[in-house]
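> 3D, please:
(one chain, ligands or ions: 5)
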Amino acid sequence: MGLPTLQEPVSHRHRKRGHFRLPLSIVSAVGVILFLQFSILPRYISKSSPEALAVSQLQLQRLDAGLAKCAEFNAPVVQYEKPVSAARENSRWNSKSGQNDTIMLRNATVFDGESFVKGPVDIVFQKGVVVSVMPASSTEVEGMMTVIDLGGKFVTPGLVDMHSHHLDGGWPILKATSDENEMLAKAWGPLTPFVRALDSMHAYDIATTIIASGGVTSSLILPGSANIMGGEGFMVKNILRSGPNGEEVVEEILLEHGIPVTERRRYMKMACGENPQGLYGHTRMGNAFIFREQMATAEDLRQKQDMWCKNAMAARSSGDSEAIARLTVNGGLPESLKLDSTVAMLRGKIGINVHCYETEDMWDMIQHSKEFNFRIQAFHHALEAWKVPEMLKDSGENITVATFSDFSLYKKEAYGANLYAGKILAEHRVPIAYKSDHGEEQTNAKYLLFQAANGHAFGLPADLALQSVTSVPAKSLEMDHRIGYLRPGYDADIAVWDSHPLSLGATPLQVYIDGKATLDPVQVEKSRSKVKLQNTKIQESPVSRPTLDTDVKEKLCQNVETPGSKVVITGITRSYLGSSKTKSSSSGNYTMVMTGGEISCFGIHDECLSASKGGTIIELKNGHVLPGLTAMTVNLGLSEITAEPSTSDGGIPKGDVMDPEAVSYAKYGVHLEGRAFKRAKIGGVTRAITPPLIDTWSEQKSFLSGVSVGIKTSEKKTLLDGGIFKDDVALHVTIGQDSKSEQFPSISSVIAKLRKLLTVSAGKDTIYGKVANGTFPLVVTVENKYDIMQLIKIKQDHPNINLVLKGGAGMPFVAEELAAANIPVILTSHRGAPDSFEKLDTLIGPPLTRSPASILTDAGVTFALAINGFSDPYIHNLPLEAGWVAKYSGLDDDAAVNLVSRNVEKILGLNVDEETRDWVVYEGNPLEFGASVVLAVDGLDKEIVSCWPYSE
Ligand SMILES: *[C@@H]1O[C@H](CO)[C@@H](O)[C@H](O)[C@H]1NC(C)=O
Ligand SMILES: *[C@@H]1O[C@H](CO)[C@@H](O)[C@H](O)[C@H]1NC(C)=O
Ligand SMILES: *[C@@H]1O[C@H](CO)[C@@H](O)[C@H](O)[C@H]1NC(C)=O
Ligand SMILES: *[C@@H]1O[C@H](CO)[C@@H](O)[C@H](O)[C@H]1NC(C)=O
Ligand SMILES: *[C@@H]1O[C@H](CO)[C@@H](O)[C@H](O)[C@H]1NC(C)=O
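Residues are numbered from 1 along each chain as shown. Ligands and ions are numbered 1, 2, ... in the order given. Sure, this is the predicted structure:
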């Protein structure tokens, strides 16, 4: 198999010497023979009897070609010198377009890939390589050098993402370039180890530049995870057109560009669990067999090859012509293009990276690795790895867990995730890397660092958190002689950050790749025009969320939750409550006394001294009191595991959308508990608005979702005792690509229907009648600016309607018009991405563009904030997202808090009274990383509904 067939061999004779090009990946024996026969030895052959001599010569050449391959088989994978020599050269550098000046970054605070370097340093790099990292000096530099004074700013190595699908797919996602999964050609089945991500790469994917703007300079581009063996992956640098001619050349984005192909690293992508199980109709049993059979077949070939090599060596030295004849019949060394990468796995030539979530799947794959003697470099996703760190270690393979910090819950194998996984794995000394799985807005690799910061917030020590996106993935991929560190001899991939890299919203001010600046400083400044970061804030290192020992917590919470008990909280530094009983928007050092959820005193310590008597005291260091937050959720309470229909209320019925009787009501399907509820509680989200479920993963779509319900997240209430705080909140529809359905196959047909619905419903005593006269809000999920303009026109024609837009991408382009038309917005993509054609002009946000929220703010649009997704695994990040928006929009902390509380209420007409609203006490500032909820109080029921809530 795989040997190229010879076509028109005679014509080859006329070719000039050196005209033959050998295939790069597998130098086929036949190719070598042809090369020798026709290029190097023509005279020799023509002088002799053509038949006899040609044959024996051919045999010898086959033998030698095979033996050359044998030597390759036995050669170890290239090992590079470590520590790295400062004189190393960057193989990607070229004299025409490479870094041509020497740059010194002066006075940097450096994380070098392992830890923070003590004191400020100066970094010098040239020709794409770091030359020196030295204690900062203030003396004049000698020689020609571009000196950039960083004034103590944070600098890290360029980040390394060990799991991305950009370039293979490409933004905007189009059918024509969706090349990640070799899946649709079912004939090949779930085993496609022979395909290479390289052959799919679109070296113009705009995501590459977006990703680099997040400081991510290197990525491992992997085939998708549909198949048990998905194919080979490749490392790239996230800089397009970096070759000498500045063209879109795939070869020139490869990290190992400039290194001989035979010496390059190879990576195999594999997958366990649900994907191959669901796509090909085999169980895990079947998939395991299919894989083992493949390995056995490859092992068989490997042994044949080794046997051949042994015999060929012997025959070569003895000159045994009979043996040579036997060994060279049928082309010589046994080979197979289809099995090449699998055999290479068995020879230890390929790093194995396996998409594997669950404990049983990881265990199974480890057994396979023992049976067939290959080493697993990393388990990817691996959201349940935290349950079995010792099992992973016992494998002896030093397997890296390349995971998400909080993306989870969307399918069964992602349901056992733990927000503390990083911390737990680190405690067991399992190497941990965070990775993006970049493919769409949800997984935008630009925000890789946010995952490390989030891991740190949940207890992963700071150095390990930063290693998880630098040196750990670099080491795991055996690229730590070039990337992952900021040290002499390493590639000059360097990110300069605007704040501590583990702080919220840390954003690059400059990103160097191979020594070349990739950001335009003018553009960066413009993107930051609203940022007001104080110097002290830049230097602050963020803390992890505080926790209480279980026994302390149990005792405390038992006391606190006893009905009628008095609680005294000291050390409150900031309150955002508007109640007459508290100091609104006050900061200082306050004490709060409450009895049964009712505040009896709020003031400086002495003021509340007498009221405090006999209370349970909770001493805080940096207490914050916020309104209970309100989340507009994706499907909270309606679907527990998005990909499992049996855990959800179900989709939208097909019916006549004009019939108000056919409208779905979330209130009839909602459940008031689940994993995301626990996450809501640790974020201080006390209320949620959930629209009826449009099953985004199914083909059955509808533009009309139905009527949302308002629920409490405490899990203490049921449907029968106040768990639903508002039955009917708003009517939800979607307009855009997601609204195309069998019934309404175009956006234009949906717009027409919506118009008709408003016209014919006016004056009718139905839900639509209420929407038409504006007594009931209409929430339209929409992204594209033209679709938004259509909605503005509808509002102009029906000025009474209470129109609310939810979404993001196109909003900034019509911000003035939205403000003028008095249309409020629930922004879901303040960190949006142009992942689809309809969102192509999404404002990507700093450092490339201004943030969408800053434009809405400037235009005076009333807006609130919500988080998008397949489900609600990030719901606890709601206050963080608000803090992030505020940083880039120039909003103060009060406005930030309002984005996720009062503005939501106002926009949806929830009419919450300041005296009876929920409130939440945090230790720490919830607008930054590292705050934990201490207590949450239901303002209507005057009841403590959570006490030091915990969520995995
Ligand atoms: C150095 O490179 C920059 C950016 O590619 C280019 O603008 C400049 O002309 C180059 N300078 C020299 C001396 O080649
Ligand atoms: C580095 O920058 C900091 C902050 O601007 C400054 O206080 C310090 O003096 C600088 N150190 C050197 C060596 O320039
Ligand atoms: C295991 O892998 C990690 C990260 O790749 C590396 O830091 C560590 O040195 C390795 N340990 C051993 C024993 O090889
Ligand atoms: C706040 O007040 C309490 C009580 O007077 C005191 O113990 C504590 O040290 C103060 N905290 C700060 C940060 O000033
Ligand atoms: C709006 O329509 C509903 C349903 O017909 C009706 O009950 C309500 O009174 C109307 N309100 C106004 C202000 O027109």
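
> now Pro660: closest residue in space, sequence neighbours ignored.
Nearest residue to Pro660 in three dimensions, chain neighbours excluded: Thr766, at 3.9 Å (CB to CB, 6 or more residues apart in numbering). Yep, even glycine has a C-beta here, placed from its N, CA and C like the rest.

> can you confirm Tyr922 is in a strand?
Yes - when DSSP: H, G, I helix; E, B strand; the rest coil is applied, Tyr922 is found to be in a strand.

> hang on, the residue nearest to Pro660 packs against Ala662?
No - Thr766 is beyond contact range of Ala662, at 11.1 Å (criterion: CB atoms under 8 Å).

> related to what we said a few turns ago, how near is the residue nearest to Pro660 to Gly808?
Distance, Thr766 to Gly808, by CB to CB, to the nearest Å: 31 Å.

> of those two, who's got more company?
Legend: neighbour count by other CB atoms under 10 Å for Thr766 and Gly808, higher for Gly808 (29 against 14).

> what about Ser468, how many neighbours?
What Ser468 shows, counting by other CB under 10 Å, is a neighbour count of 32.

> ok, it - contacts?
Neighbour list for Ser468: Gly422, Ile432, Ala433, Tyr434, Ala452, Gly455, Leu460 [criterion: CB atoms under 8 Å, 6 or more residues apart in numbering].

> next one: phi and psi at the second one?
Per-residue torsions, Ile432: phi -120, psi 130 (degrees, to the nearest 10).

> pLDDT wise, what is it at?
If you check Ile432, the pLDDT there is 98.

> measure the residue nearest to Pro660 to ligand 5 for me?
7 Å (CB to the nearest ligand atom, to the nearest Å).

> of the contacts of Ser468, just say which sits nearest to Phe703.
Tyr434 (36.6 Å; CB to CB).

> spatially nearest residue to the closest one (excluding sequence neighbours)?
Nearest to Tyr434 is Gln451, by CB to CB, 6+ apart, at 4.0 Å.

> before we move on, which element is the one you found in?
helix 448-457 (DSSP states H and E).

> C-terminal to that helix, what's the next element?
Using DSSP H and E, the helix or strand that follows helix 448-457 in sequence is helix 462-467.

> dump that following helix to PDB, keeping only the CA atoms.
Output of helix 462-467 as PDB, limited to C-alpha atoms (Å, rounded to 0.1, in the frame of the first residue of the first chain):
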ATOM      1  CA  ALA A 462      -0.200  31.700  40.700                       C
ATOM      2  CA  ASP A 463       3.100  30.300  39.200                       C
ATOM      3  CA  LEU A 464       1.400  27.000  38.200                       C
ATOM      4  CA  ALA A 465      -1.500  29.000  36.700                       C
ATOM      5  CA  LEU A 466       0.800  30.900  34.500                       C
ATOM      6  CA  GLN A 467       2.800  27.800  33.700                       C
END
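
> neighbouring contacts of that helix?
111, 113-116, 156, 422, 426, 432, 452-453, 455-456, 501-502, 541.

> are any of those residues buried, and if so which?
Buried members of these, scored by 16 or more other CB atoms under 10 Å, are 111, 113-114, 116, 156, 422, 426, 432, 452-453, 455-456, 501-502.

> any idea which of the residues you listed is closest to ligand 2?
If you rank those by distance to ligand 2 using CB to the nearest ligand atom, Phe116 comes first, at 14.9 Å.

> what's the most distant pair in the contacts of helix 462-467?
Top of the distance list for the contacts of helix 462-467 (CB to CB): Ile432 and Ser541, 19.8 Å.

> any idea of the mean pLDDT for stretch 862-878?
What stretch 862-878 shows for mean pLDDT is 94.

> got the buried residues for that stretch?
863-878.

> how far does that stretch sit from its chain's centre?
Relative to its chain's centre, stretch 862-878 lies at 16 Å (CA atoms, centre = their mean, to the nearest Å).

> the buried residues of stretch 862-878 in strands, which ones?
Under the assignment DSSP state E, those contribute Phe863, Ala864, Leu865 to strands.

> residue contacts, the second one?
Under the criterion of CB under 8 Å, 6+ apart, the neighbours of Ala864 are Met632, Pro824, Val825, Ile826, Leu827, Asn898, Leu899, Val900, Asn903, Val904, Lys906, Ile907.

> excluding chain neighbours, what is closest to it?
Asn903 (3.8 Å).

> what about that neighbour, neighbour count?
Asn903 has 22 neighbours, counted by other CB under 10 Å.

> quick one: contacts for it?
Shown in contact with Asn903 (CB under 8 Å, 6+ apart): Pro824, Thr862, Phe863, Ala864, Leu865.

> again, but for Lys387
For Lys387, the contact set (CB under 8 Å, 6+ apart) comprises Thr359, Gly416, Asn418.

> how about 6 Å then?
Contact analysis of Lys387 by CB atoms under 6 Å, 6 or more residues apart in numbering lists Thr359.

> mind starting the numbering at 265 from now?
Done: numbering now begins at 265, and the last item shifts to Lys651.

> what distance do you get for it to Gly680?
Separation of Lys651 from Gly680 (CB to CB): 7 Å.

> and Gly422, by the same measure?
33 Å.

> before we move on, what about Pro1041?
In terms of CB to CB, Pro1041 sits 37 Å off from Gly680.

> who has more neighbours, those two?
Between Pro1041 and Gly680, counted using other CB under 10 Å, Pro1041 has the larger neighbour count: 22 against 19.

> can stretch 1156-1176 be found next to ligand 5?
No - using CB under 6 Å from any ligand atom, we find that stretch 1156-1176 stays clear of ligand 5, coming within 12.9 Å at best.

> so for that stretch, mean pLDDT?
Mean predicted confidence for stretch 1156-1176 is 96.
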